[in-house]
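*Asks:* sequence and predicted structure are below.
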Amino acid sequence: MSKLKMPVRSPSVDMTPMVDLFFLLLTFFMLTTSFRPQEAVQVDTPSSISEKKTPEKNVITLLISKDNKVYFNIDNGADSTSHMRSALLKMIGDYYKVSFTPEELKKFETLSSFGVPMTKMKDWINAKDQKERDAMSLNGIPTDSTAVGSELQMWIHFARLTNPEAEAAIKGDFGSDFKIVKKVMDILQDKKINKFDLTTNMEKVEVKVKDIK
Amino acid sequence: MAEIIESGGGKKHGKKGRKGHGSTHVDMTPMVDLACLLLTFFMLTTAFSKPKVMEIVLPDKIKDKTIKAPEVDKDKVVNIIIDDDRVFWYNGMAAPDKVTNQLPTLIVTDFSKDGIRTVLLSRNKELFVKMDEFTQDILKGKLKLPKDSIDKRLKQFKKEDKAGPIVLIKAGENVKYGNLVDIIDEMAICNIARYAIVELSPQEKQMLATAKATLPPVTKKAEIK
């Protein structure tokens, strides 16, 4: 049989369109991504029909875990030059007579939610990694009122002082006790924050007029 | 998969020491690999749906004990007590009946769509229909309004409403945060114009205990949920 001679061709394909597409998608995802901050505890929020978006900046987040511990978080303010977190830590450090080095203040800015008493704050900042930090923050921020007020109260107080525009949001687990949420709400109200957000998942609910009895 | 274009640029090299002048094609594989890797990474880490929030506004705390709470029309009041993953409700005030001298009995229902929602909707029908018609008009495009004036109109509807109930939400001993959000959410679903979160009164505690005594005890499953 005579051999059928095929023209020798390299098996490679023109990949340019694919690469173009890759870069397009890559750019898109890079620009739209906002990293989910790692939080001290996992919180399953209840669902509601609300469509209001979480504000991105100037939020004091109070996390309430399933086992009724309270965690605190605040962002750095409107832009990266405002350094709200370090300002807050410095202020509250002065109040509790704990001094932080500039490095510690800087590191605190990059961290997320926390649930440690002031006495352990230094260790928490200097911990090796997030795992170690999580192990430290099992008890949350102390909410027991003392004569001068609980630590949580002080955090909220100083957070409002450093960033007067900050709004409060409660991000509670649906399984946490109402009592502890009520306590947090009371603290907020004591600090004259009467309007705050409850973080929820969105769930659509349809009600038809004809169903109404 | 290595090269983009197969014309062998390399062959020209070395001939009579001529340098350069070869093909300008570069091996793009590593770059493509990296782009692909990053793309996968960003695709997996992206969180598209940002969490939503529901806003609640509480009244100012009144420290001054001499200021009395505002009187409300007791015919309009619907009291909702949440406890043990159940919803209890009654109309009016927690005062003994003039004739029988008995406290009102609590009606038991739940958080489902056939539960407390039907009660609230039937009480709030007038406002609900009004607001529903308005939103339907917007959805169908009959009315074209900017977003904030829609919100304003909806708020106006609630403000002008006279017939709707005043809902008082009270929490019992064993209430989860999820229950509270559920009930506040019901208010939003039913377009209730006026509601407040208040404390249980001693009479209501008594009523709650009576109502609970007639019910089977809470199963473990309900508690977990």
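*Replies:* Cool, got the structure.

*Asks:* which helices and strands does the strand ranked longest in chain A pack with?
*Replies:* In terms of residue count, the longest strand belonging to chain A (DSSP state E) is strand A:195-202. Using 3 or more CB pairs under 8 Å, 6 or more residues apart in numbering or on different chains; DSSP states H and E as the contact criterion, the secondary-structure elements in contact with strand A:195-202 are strand A:47-48, strand A:167-172, strand B:52-57, helix B:177-189. Where C-beta positions appear, they are placed from N, C-alpha and C, glycine not excepted.

*Asks:* quick one: it to strand A:167-172, angle?
*Replies:* Between the axis of strand A:195-202 and that of strand A:167-172 there is an angle of 40 degrees, by axes from the mean of the first three to the mean of the last three CA atoms, to 10 degrees.

*Asks:* contacting residues around strand A:195-202?
*Replies:* When contacts are taken as CB atoms under 8 Å, 6 or more residues apart in numbering or on different chains, the neighbours of strand A:195-202 outside the stretch itself are A:45-52, A:54-55, A:61, A:167-172, A:185, A:188, B:49, B:51-58, B:181, B:184-185.

*Asks:* quick revisit: out of the helices and strands packed on strand A:195-202, which gets nearest to residue B:161?
*Replies:* Taking CB to CB as the measure, these were each checked against residue B:161, and helix B:177-189 came out nearest at 13.3 Å.

*Asks:* pick out the residue in chain B sitting closest to chain A.
*Replies:* Chain A sits closest to residue B:178 of chain B, with a gap of 2.9 Å, by CB to the nearest CB.

*Asks:* so who does that residue touch?
*Replies:* Residue B:178 makes contact with A:46, A:173, A:174, A:175 under the criterion CB under 8 Å, 6+ apart.

*Asks:* out of those residues, which is nearest to residue B:78?
*Replies:* Within these, the smallest distance to residue B:78 is 22.2 Å, found for residue A:46 (CB to CB).

*Asks:* would you confirm that that closest one contacts residue A:176?
*Replies:* No. Under the criterion of CB atoms under 8 Å, residue A:46 makes no contact with residue A:176, lying 9.9 Å away.

*Asks:* what sits in contact with each of the two?
*Replies:* Taking CB under 8 Å, 6+ apart as the contact rule, the neighbours common to residue A:46 and residue A:176 are residue B:177.

*Asks:* number of residues surrounding the closest residue to residue B:58 other than its chain neighbours?
*Replies:* The spatial neighbour of residue B:58 that comes closest, neighbours along the chain excluded (CB to CB, 6 or more residues apart in numbering or on different chains), is residue A:194 at 5.0 Å. Residue A:194: 15 surrounding residues under other CB atoms under 10 Å in any protein chain shown.

*Asks:* how about residue B:37?
*Replies:* Quick note: residue B:37 (other CB under 10 Å) scores 11 neighbours.

*Asks:* same check, this time on residue B:105
*Replies:* As a burial measure, the neighbour count of residue B:105 was computed by other CB under 10 Å and equals 12.

*Asks:* need the pLDDT of it.
*Replies:* Listed pLDDT for residue B:105 reads 82.
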